[in-house]
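Undergrad: Requesting a structural model of the entry that follows:
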Amino acid sequence: MSIWAPQQQGLQEILQTIHDSTDTQNREIQRTITHKLNQFTRVPDYIAYLAYVLGQMPQEEERIRTIAGYLLKNNSRLILHSSPQVAQYVKNTVLQAFGDSSDMIRNAAGQDLVAFLGALEPRNWPECLQQLVAALDSTDLGVQEAAFNVLEKACEDYPRKLDIEINGTRPLDYMIPKFLMLSEHPDPRMRAHAVACLSYFVPINCQSLFAHIDTFIACLFKRASDEDPAVRRHVCQALVLLLASRPEKLMPEMNNVAEYMLYSTKDKNEHVALEACEFWLTFAEDVDLAPYLHPLLGKVAPVLLDCMVYGEDDLLWLEGDAEDAEVPDKETDIKPRHYGGKSHGYEREGEVVNGEAGEAGAPKPKVSAYGEETIDSDEEDEYEMDDDDFADEMSTEWNLRKCAAAALDVLAVRFGADLLNVLLDPLKQKLWNADWLQRESGILALGAMAEGCIDAVEPHLPMLVPYLIQTLSDPKPLVRSITCWTLGRYASWCTQQTTEDHKNQFFVPTMEGLLRMVLDNNKRVQEAGCSAFATLEEDAGPELAPYLEPVLRNLVFAFDKYQHKNMLILYDAIGTLADAVGRALANPMYVDILMPPLTKKWAKLKDDDEDLIPLLECLASVTIAMGPAFLPYAGPVFERCTTIIHNALLAYQAYQQNPDMDEPDRSFLVVALDLLSGLTQGLGMALEPLLTQTQPNLFSLLTVCLKHPQAPVRQSGYALVGDMAMSCFPLLRTHMPGIMNELILQLDPEPKVEFISACNNAAWSVGEVALRYGRDDPEFQQWVGPLISRLIPILLHPKAPRSLHENAAVSIGRIGLMHPALVAQHLPEFAMAWCQALYEIRDNEEKDSAFRGFCTLVQTNPSGIAKSILWFCNAIVRWNSPTPELNSMFQTLLNGFKQHDPAGWAQQVASFPPGIQERLHQRYGV
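TA: I've put the predicted structure just below:
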């Protein structure tokens, strides 16, 4: 095989681009370079040129060679499609560069080795693994350490790829004993690498490690008192991983382990303390370990409480005392937001509204006091973090304070009153402490415990809530901001409208206090206040209506006060308010207060400004709430949405024709469709002039959206179809043949995860359309067969998500209501699954029409229910208050069953669970 060699012209071009990339000041140059580098990836031997610069050009500056090394790492997967000559050259050159005398070059080459070994997998590059393991025996500490560095990263990133057999032997059978031996190495860096490498094989249940499990645990105990904090940190990490995957191995020594972890949680080195604190979070999350953790509560909880005090480093970073309301935000302060679009789902009995992400509509982002933990990926998967914890009262970095608060949160859920009993005295000492840092940590703890300890804390809330409201006047912004968050956590208690007294003593002062914080002169307090107020809005719902004037005036004042980042949270708060109070917002006075500042913002933003997305999202809620009162503003909003959709579709078409372009951001398209859904729900047939006269025609654009390759676009498209069916069906009807062709294709029994919401919305919208066509409509009849032949397999598919089962069942019921003769013949196929899908759904109009349809099918084909009577009766008695029409249908059917075969019916009912028998007898006399 010939050896690869560079062409001089290509080498010079790549080298020049790398040199140019060091000019970081000029944005235009950076954009050109990024484009060039993307173009280079299409050159078949690009990675060989980068390897050449890294390993074969000692005359170049180390910085230039290092950049080549980083580019090589970022493009490592190209080796999978390279020619054998290129792949061999890259592997040899990187291994050679790994032996370079320069630390910078060696580090860059080390990162490349990790990337290539992961991409190729060790089974396809065993000589690299052999060379690294052999280097652990080197007498040169630098060589040893560099090799161990690479091995540690490989063990962390892809332990499963190392847990394999190569040519009849398992490398780990040799490597694990080697790591155990090196945990005794005189150099602390080597000991730390050894313990770290071993720990990464715990979660994957690696047999090569578990063959030496006792030696491994003995090694951890031995290293537990190591003088080096990095070693102790990895010991704590290993114990956390063992607790998560093999707790039985730690149980015999749990007293010693717990003492060690308590001691380590107080370690002066924050990295050690954080890893030790993770132990308590992991312990608390495993419900099976609760009996072992319960006796330790008295020791663990106070230590966690002490870990929640801000450290000196945190305070330096936070610059918490500034009155910075007029200081513009840096662009780096604004986190990217992912707009998901509308998804249709149903609330279930005993379930929090919007409790299931992506099913009952995505909840508004909430501010968390302790952020989020990053997900460690074994493979190189990408995880999209949930937005629920998107911004907290500190940085986004996971730290000891947040970990302790998160652990306390889980402990509260697990142990409730028992935890409060342990913490009552230390918590009082914190809350009434003269030191503001202690007070602040106590308020954080009180908020962290809110969910789990609410019943135990409730008797204390008449004293605590006024304390918190008073604390909103604390001179320290960090105290005010955490108090907002904690009040938000207790908002549901404050909004309980038990008595007029409760309202005046707790609800109104909390509302007024948080509104004051919305207009604070510190941006962090504004953010926390606005987010907590949004939580209060959700919990209070229509109870806020009498206070709308002062609430709106405060929020509108914030439009002139807020900087960029908090403006996005303000849009959320206004949208949540609209959702909470509904049509109360249509009062002309409220429209006059709210709409001018919203339209002013709207006019300032260009169609491609990302800030338009949260504003459109906010307007969608406002239009639904205001209804007809929004009509004066509807024209420009409708036209702009249509323009955004048209331009987005053209941009996507251009991208499809030229894949070298960046894929356009779908968020504008999705949010414009969702705002049109809002307009449709709010204004209905009043939109007729806009729908018929605006060019390009919305229905034509909508049909294109329903074929769009990106699922969120289709998802919002079908939501708009369903909303139009409900609100302006006469205008939609003429376009239904084209829409229905796409809709039927969207119904898939086992959609890919990213297609579920689009499939959900299609299944829901078809039920709305069927109802609007009416009974036995000849045009809709042509679609009944194809629809039912797709909806029944969805309903029967064991792997289809619950939300999809529910939407499919509702639509089958509704189509059955309108076309019983065509659907009833299929009843035996789906009757049991249908009843199982819908019995837990809360009573609502959609469930009512679906059940009326199902009852009509049973009347049409009574034998079709024969094998599913128990499930049908269970679904009937689960209704809390069926409408008179539906209740009469239930009564008629049950009487019919009984009269048809009295003895058989009595025998069948006797086999039902007692609860069902009792309710059938009470409600229907059967």
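
Undergrad: and S789, what pLDDT?
TA: Here, the pLDDT recorded for S789 equals 95.

Undergrad: Neighbours of it, how many?
TA: 12 (other Cβ atoms under 10 Å). All C-beta spots, glycine's among them, are computed from the backbone N, C-alpha and C.

Undergrad: contact partners of the helix or strand hosting it?
TA: Element membership of S789, judged by DSSP states H and E, is helix 778-796. Helix 778-796 is contacted from outside by 736, 740, 744, 747-749, 759, 763, 766, 769-770, 773, 800, 804-805, 808-809, 811-812, 815, 818-819, 822-823, 826, 829-830, 833-834, 837, using Cβ atoms under 8 Å, 6 or more residues apart in numbering.

Undergrad: what's the following helix or strand after it?
TA: helix 802-818.

Undergrad: can you pull the buried residues of that next one?
TA: Buried residues in helix 802-818, counted by 16 or more other Cβ atoms under 10 Å: 803-818.

Undergrad: Of those, which is the nearest to L431?
TA: When the buried residues of helix 802-818 are ranked by distance to L431 (Cβ to Cβ), S803 comes first, at 42.5 Å.

Undergrad: isn't the closest one right up against N760?
TA: Yes - taking Cβ atoms under 8 Å as the definition, S803 is a contact partner of N760 at 5.5 Å.

Undergrad: what's the straight distance from one end of stretch 835-846 to the other?
TA: 15 Å (Cα to Cα, to the nearest Å).

Undergrad: Report the buried members of the contacts of helix 778-796.
TA: Using 16+ other Cβ under 10 Å, the buried ones in the contacts of helix 778-796 are 736, 740, 744, 747-749, 759, 763, 766, 769-770, 773, 800, 804-805, 808-809, 811-812, 815, 818-819, 822-823, 826, 830, 833-834, 837.

Undergrad: Quick one: low-confidence residue ranges for the stretch 301-450 of the chain.
TA: 319-321, 331-342, 348-396 (pLDDT under 70).

Undergrad: quick one, helices of the stretch 1-150 of the chain?
TA: For the stretch 1-150 of the chain, the helices defined by DSSP state H, counting those that start in this stretch occupy 8-20, 27-40, 46-56, 62-74, 84-97, 103-120, 126-135, 141-157.

Undergrad: quick one, the third one and helix 84-97 angle?
TA: Note on geometry: by axes from the mean of the first three to the mean of the last three Cα atoms, to 10 degrees, helix 46-56 and helix 84-97 are set 30 degrees apart in direction.

Undergrad: Give me the angle between helix 46-56 and helix 8-20.
TA: Using the same axes, to 10 degrees: helix 46-56 against helix 8-20 is 70 degrees.

Undergrad: what's helix 46-56 packed up against?
TA: helix 8-20, helix 62-74, helix 84-97, helix 103-120 (3 or more Cβ pairs under 8 Å, 6 or more residues apart in numbering; DSSP states H and E).

Undergrad: got the ones you listed as a markdown table, with mean neighbour count, mean pLDDT and distance to N844 columns?
TA: Output for the helices and strands packed on helix 46-56, formatted as a markdown table (neighbours: other Cβ atoms under 10 Å; pLDDT from 0 to 100; distance: least, Cβ to Cβ, whole Å):
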| stretch | mean neighbour count | mean pLDDT | distance to N844 |
| --- | --- | --- | --- |
| helix 8-20 | 15 | 92 | 60 |
| helix 62-74 | 21 | 95 | 51 |
| helix 84-97 | 20 | 95 | 60 |
| helix 103-120 | 22 | 95 | 50 |
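
Undergrad: between those, which gets nearest to A532?
TA: Nearest of the helices and strands packed on helix 46-56 (Cβ to Cβ): helix 62-74, 41.2 Å.

Undergrad: who does that closest one touch, helix- and strand-wise?
TA: helix 8-20, helix 46-56, helix 84-97, helix 103-120.

Undergrad: Save the ones you listed as CSV, and put in distance to L239 too.
TA: Listed next are the helices and strands packed on helix 62-74 as CSV, based on distance: least, Cβ to Cβ, whole Å:
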stretch, distance to L239
helix 8-20, 44
helix 46-56, 39
helix 84-97, 35
helix 103-120, 26
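
Undergrad: closest one to S208 among these?
TA: That would be, of those and by Cβ to Cβ, helix 103-120, which comes in at 17.9 Å.

Undergrad: Please find the angle between the direction vectors of that closest one and helix 141-157.
TA: Using the same axes, to 10 degrees: helix 103-120 against helix 141-157 is 30 degrees.

Undergrad: quick one: helix 103-120 to helix 126-135, angle?
TA: 130 degrees.

Undergrad: Dump the C-alpha coordinates for helix 103-120 into PDB.
TA: The C-alpha coordinates for helix 103-120 follow below in PDB (Å, rounded to 0.1, in the frame of the first residue of the first chain):
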ATOM      1  CA  ASP A 103       3.600  19.400  25.900                       C
ATOM      2  CA  MET A 104       1.200  21.400  23.600                       C
ATOM      3  CA  ILE A 105       1.700  19.000  20.700                       C
ATOM      4  CA  ARG A 106       1.500  15.900  22.900                       C
ATOM      5  CA  ASN A 107      -1.800  17.200  24.500                       C
ATOM      6  CA  ALA A 108      -3.300  17.900  21.100                       C
ATOM      7  CA  ALA A 109      -2.200  14.500  19.800                       C
ATOM      8  CA  GLY A 110      -3.600  12.900  23.000                       C
ATOM      9  CA  GLN A 111      -7.000  14.400  22.300                       C
ATOM     10  CA  ASP A 112      -6.800  13.100  18.800                       C
ATOM     11  CA  LEU A 113      -6.000   9.600  20.000                       C
ATOM     12  CA  VAL A 114      -9.100   9.600  22.200                       C
ATOM     13  CA  ALA A 115     -11.300  10.800  19.300                       C
ATOM     14  CA  PHE A 116      -9.900   8.400  16.700                       C
ATOM     15  CA  LEU A 117     -10.000   5.400  19.100                       C
ATOM     16  CA  GLY A 118     -13.600   6.200  19.800                       C
ATOM     17  CA  ALA A 119     -14.500   6.600  16.200                       C
ATOM     18  CA  LEU A 120     -12.700   3.500  14.900                       C
END
